[in-house]
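K.L.:
What shape does this take:
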Amino acid sequence: MNSRETWVKGEKGARDFLEKKGYKILETNFATKVGEIDIIAADGDVLVFIEVKSRRNTDYGEPIEAVTPQKVKKIVLVAKQYLVMKRKLGASVRFDVVECIGGVFRHTENAFSLNDAARY
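P.N.:
Numbering: from 1, shown residues only. The predicted structure follows:
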């Protein structure tokens with residue numbers, strides 16, 4: 001399986017994984033000129049911006065380690081654009097990461113926050 005296949009399989013699997021946990025998927029691959037958010041979902045009343053990282057194995061580290069400070073900053077900027085576009089500025093938000101390692105999913109809630117992006 002090549003990198004593209006791993007990525008596609010990981011994102012589709014992450015959506016299914018989250019739906020089974022009760023999340024309502026609102027958007028996938030939401031993109032602006034600044035960047036992209038893989039999945040935007042509702043977890044009850046909370047709007048969740050989710051980064052999906054897929055790897056075949058952990059030979060080069062855990063997938064979540066690829067969520068760098070620069071990536072966090074981009075995700076938060078795109079999330080802010082989404083909130084403005086959808087007129088949801090007062091919404092409760094959360095930033096999660098879903099990792100897919102060889103077909104096994106791991107979900108980290110509150111992986112980072114709006115304040116983390118401001119530090120970078």
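K.L.:
where along this protein do the strands fall?
P.N.:
Across the chain, reading from the start of the chain, the strands by DSSP state E fall at 24-31, 36-43, 46-55, 92-101, 104-112.
K.L.:
What is the first one packed up against?
P.N.:
On a contact count with 3 or more Cβ pairs under 8 Å, 6 or more residues apart in numbering; DSSP states H and E, strand 24-31 meets helix 3-20, strand 36-43, helix 69-85. Heads up, the C-betas are built off the backbone N, CA and C, glycines and all.
K.L.:
Indicate which one of those is closest to residue 113.
P.N.:
Taking Cβ to Cβ as the measure, the helices and strands packed on strand 24-31 were each checked against residue 113, and helix 69-85 came out nearest at 8.5 Å.
K.L.:
pLDDT score for residue 4?
P.N.:
pLDDT, the model's per-residue confidence, is 52 for residue 4.
K.L.:
for residue 90, same thing?
P.N.:
Per-residue confidence at residue 90 stands at 89 (pLDDT).
K.L.:
From residue 51, how far off is it?
P.N.:
Computed as Cβ to Cβ, to the nearest Å, the residue 90 to residue 51 distance reads 23 Å.
K.L.:
Of those two, which one has the most company?
P.N.:
Under the neighbour definition other Cβ atoms under 10 Å, residue 90 and residue 51 were set side by side, and residue 51 has more, 25 against 6.
K.L.:
which residues does the residue nearest to the more buried one when sequence neighbours are not counted form a beta bridge with?
P.N.:
Distances taken as Cβ to Cβ, 6 or more residues apart in numbering place residue 97 nearest to residue 51, at 5.0 Å, with adjacent residues excluded. Each beta-bridge partner of residue 97 is listed here: residue 51, residue 108, as defined by DSSP bridges.
K.L.:
What is the burial count for residue 97?
P.N.:
Based on other Cβ under 10 Å, the number of other residues close to residue 97 is 23.
K.L.:
Can you tell me what sits against stretch 13-31?
P.N.:
Contact partners of stretch 13-31, identified using Cβ atoms under 8 Å, 6 or more residues apart in numbering, comprise 11, 36-43, 47-48, 50, 52, 78, 82, 98, 100, 103, 105, 107.
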